[in-house]
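please work out how this folds:
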Amino acid sequence: MPASVESHTNRGSTPLRIGIIGGSGLYEIDGLVGIQEHNIQTPFGAPSSPLVSGRL
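Numbering: from 1, shown residues only. Modelled structure (predicted):
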């Protein structure tokens with residue numbers, strides 16, 4: 001494992017929430033289930049594509 005990557009374990013019962021900002025194809029990440037698309041607005045206007053959420 002590279003020195004810049006650390007391993008963490010969630011020992012609590014609360015699921016961890018993370019955000020991944022990426023481009024096309026990220027919604028095809030291995031293990032991503034329950035995929036939902038969300039059309040959102042920001043102070044800068046709508047993004048170029050829907051926000052995608054799911055569970056790993």
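
so where is this structure shaky, pLDDT-wise?
1-10, 12 (pLDDT under 70).

now the strands for it?
Using DSSP state E, the strands assigned to the chain run over residues 33-38, 51-55.

and the first one, which strands flank it?
So the one you mean is strand 33-38. Applying DSSP bridges to the sheet, strand 33-38 is found paired with strand 51-55 (antiparallel).

check the offset of the partner strand from the chain's centre.
Its chain's C-alpha centre and that of strand 51-55 lie 6 Å apart, by CA atoms, centre = their mean, to the nearest Å.

and the contacts of that strand?
The contact list for strand 51-55 (CB atoms under 8 Å, 6 or more residues apart in numbering) reads 26-27, 32-40. In short, each C-beta sits where N, CA and C put it, glycine included.

may I see these arranged in TSV, with distance to S53 and neighbour count as well?
TSV is the format used below for these (distance: CB to CB, whole Å; neighbours: other CB atoms under 10 Å):
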residue	distance to S53	neighbour count
L26	12	11
Y27	10	14
L32	9	15
V33	11	7
G34	8	8
I35	7	12
Q36	5	9
E37	8	11
H38	6	9
N39	12	9
I40	11	8
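
can you redo the strands of the chain as JSON lines, where the extra columns are distance to G19?
Output for the strands of the chain, formatted as JSON lines (distance: least, CB to CB, whole Å):
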{"stretch": "strand 33-38", "distance to G19": "13"}
{"stretch": "strand 51-55", "distance to G19": "9"}
